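Enquirer: I would like to see how this sequence folds:
(chains A and B)
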Amino acid sequence: MAAIIAFGRYLPERRLGNEELANIAGCDEDWIFPASGIEERRVARADESIVDMGVAAGLDCMARVFTVKSGLPKPGLIVVSSGSGENRFPGPAAEIGLRLGFAGVPAIDLPLASAGGLFGISLGAGLAQVYGDVLVIATEKMSAPAMAEPVDRNTAILFGDGAGACWITATTTETAAGLKILDSALHSDGTWAGDLRLGLTGPVQMNGLSVILQASRKLPSAIGEVLLRHGIPASSVEAFLVHQANQNLIDRVAKALGVPGERFYSNIRTYGNTSSASMLIAASEWFEAAKLQVGDTVCFAAFGAGFHWGAVLARFEA
Amino acid sequence: MNRQERITEVVKRVSQQEVAPDAEESLFDSGYLDSFALTDMVTEIEKEFGISIPDSDLSPRRFETVAKIATYLDNHIS
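Expert: Okay, the predicted model is just below:
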């Protein structure tokens, strides 16, 4: 078993509001919020890379590890998710590891886009038994490809930049308080590979009808899958930490599961959709403010390009 | 009502429009359904006809017109 003992995040300073974005995307400002639940998103500087943001999120996470676990945090493995990498290869994992002071530590890339953070947690939990502590980072600079010419207003309004991280440790008697990973359900199906994709040059290509249709069914299904295996009703889950794709989709998933929308932590209004980083950024904010009781259950879930989707079930233990 | 008329009623209900679409009219291009309403319509079709449509069959184009939906149902309801 493994547990997440800390989260971290980084958001660029620049805020891009709907009024400014409407001018770029050539759409009505008043259409954006009802269609997405987004009022503004963060945009990285031109000279700010996915590696820069990943390092910042990793450092934030490590600073929090310091507060809950003795000794200098050093991972046995680094997992980095990004669907917006600047290079065909190498991915950002090795450079992020180097800049965090972990040259020589194995670092692997997951170019999965939106479901990358979730897959990172699940794989990290399994690999922690072999490698020891695992640092999972998801870092995305989606604003540039989302607004590349020819601008598609349906995708341009959604995306923002940022990075999230979490620290996974193998469960031992000395393990600090954290979210013990109980189970995960990961799925992939290339049938719809062409319905959400980003080529070597932008823009993002999205068949919104297909994406929403599949996500609306697969997210509740994956969440139900892990809950059913543990006999946990959705109504008793303390919080759902899901990919911040679109507020309307998040509301729909909550409704499908029959739980109040407030149980689904949401920050999409201020950050937009940061692809694979979004779930870890949301988890970082939520974990910082949550007053958890031992035994509280938490469910992560994500859906994204591929399609890849799934859910991870965790329980708070001290 | 025949099957096509029942589908049309589902589309009108989900889209909250009083005017029925033509059988061959694109429900997407004509503004009857956006991505979220399409999801609702599939759910309502399942309820109306007592079937479960597998995710693998959920291509938006398959549900683009009333006629296409009727064809799909003809092939999946005995």
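
Enquirer: Just the helices from chain B, written as ranges.
Expert: B:3-15, B:35-49, B:66-76 (DSSP state H).

Enquirer: So which elements touch the longest one?
Expert: Put plainly, it is helix B:35-49. Counting contacts by 3 or more C-beta pairs under 8 Å, 6 or more residues apart in numbering or on different chains; DSSP states H and E, helix B:35-49 packs against helix A:208-229, helix A:247-257, helix B:3-15, helix B:66-76. Every residue, glycine included, has its C-beta placed from N, CA and C.

Enquirer: cool, and the shortest one?
Expert: For helix B:66-76, the elements it packs on are helix B:3-15, helix B:35-49, judged by 3+ C-beta pairs under 8 Å, 6+ apart.

Enquirer: List of residues touching the longest one?
Expert: By C-beta atoms under 8 Å, 6 or more residues apart in numbering or on different chains, the residues outside helix B:35-49 that reach it are A:208-209, A:211-213, A:216-217, A:248-249, A:252, B:3, B:6-7, B:10-11, B:13-15, B:27-28, B:33, B:51-53, B:58, B:60, B:63, B:69, B:73, B:77.

Enquirer: Could I have the buried ones of the residues you listed as PyMOL selection syntax?
Expert: Command for PyMOL that selects the buried part of the contacts of helix B:35-49, burial taken from 16 or more other C-beta atoms under 10 Å in any protein chain shown:
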select buried, (chain A and resi 208+209+211+212+213+216+217+248+249+252) or (chain B and resi 6+7+10+11+14+15+27+28+33+53+58+60+63+69+73)
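
Enquirer: What ranges does the stretch 151-300 of chain A have for its strands?
Expert: A:161-170, A:178-188, A:196-197, A:205-206, A:239-242, A:297-304 (DSSP state E, counting those that start in this stretch).

Enquirer: Throw the ones you listed into JSON lines and include mean neighbour count, thanks.
Expert: Shown next, in JSON lines, are those (neighbours: other C-beta atoms under 10 Å in any protein chain shown):
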{"stretch": "strand A:161-170", "mean neighbour count": "30"}
{"stretch": "strand A:178-188", "mean neighbour count": "20"}
{"stretch": "strand A:196-197", "mean neighbour count": "20"}
{"stretch": "strand A:205-206", "mean neighbour count": "17"}
{"stretch": "strand A:239-242", "mean neighbour count": "25"}
{"stretch": "strand A:297-304", "mean neighbour count": "26"}
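
Enquirer: For my notes, please list the ones you listed in CSV and give mean pLDDT and distance to residue A:92 for each entry.
Expert: Shown next, in CSV, are those (pLDDT from 0 to 100; distance: least, C-beta to C-beta, whole Å):
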stretch, mean pLDDT, distance to residue A:92
strand A:161-170, 96, 10
strand A:178-188, 97, 22
strand A:196-197, 96, 19
strand A:205-206, 94, 23
strand A:239-242, 98, 23
strand A:297-304, 98, 18
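
Enquirer: Let me have these in TSV, adding distance to chain B as columns.
Expert: Listed next are those as TSV, based on distance: least, C-beta to the nearest C-beta, whole Å:
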stretch	distance to chain B
strand A:161-170	24
strand A:178-188	10
strand A:196-197	12
strand A:205-206	10
strand A:239-242	16
strand A:297-304	12
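
Enquirer: Low-confidence bits of chain A, can you list those?
Expert: A:172-175 (pLDDT under 70).

Enquirer: Get me the contact residues on it for chain B.
Expert: Within chain A, the positions adjacent to chain B are A:191, A:207-214, A:216-218, A:248-249, A:252 by C-beta under 8 Å from any C-beta of the partner chain.

Enquirer: quick revisit: would you turn the helices of chain B into a markdown table with mean pLDDT?
Expert: Output for the helices of chain B, formatted as a markdown table (pLDDT from 0 to 100):
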| stretch | mean pLDDT |
| --- | --- |
| helix B:3-15 | 94 |
| helix B:35-49 | 95 |
| helix B:66-76 | 95 |
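
Enquirer: would a markdown table of those with distance to residue A:17 be doable?
Expert: Below are those laid out as a markdown table (distance: least, C-beta to C-beta, whole Å):
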| stretch | distance to residue A:17 |
| --- | --- |
| helix B:3-15 | 31 |
| helix B:35-49 | 24 |
| helix B:66-76 | 40 |
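
Enquirer: nearest to residue A:87, of these?
Expert: In terms of C-beta to C-beta, the element of those nearest to residue A:87 is helix B:35-49, at 32.3 Å.

Enquirer: chain center to that closest one: distance?
Expert: 7 Å (C-alpha atoms, centre = their mean, to the nearest Å).

Enquirer: Repeat that for stretch A:8-17.
Expert: That offset, for stretch A:8-17, works out to 15 Å (C-alpha atoms, centre = their mean).

Enquirer: Can you list the buried residues in it?
Expert: A:8, A:9, A:10, A:11, A:12, A:16.

Enquirer: three-state assignment of residue A:91?
Expert: coil (DSSP: H, G, I helix; E, B strand; the rest coil).

Enquirer: My guess is it contacts residue A:80. True?
Expert: Yes. Counting by C-beta atoms under 8 Å, residue A:80 is a contact partner of residue A:91 at 6.7 Å.
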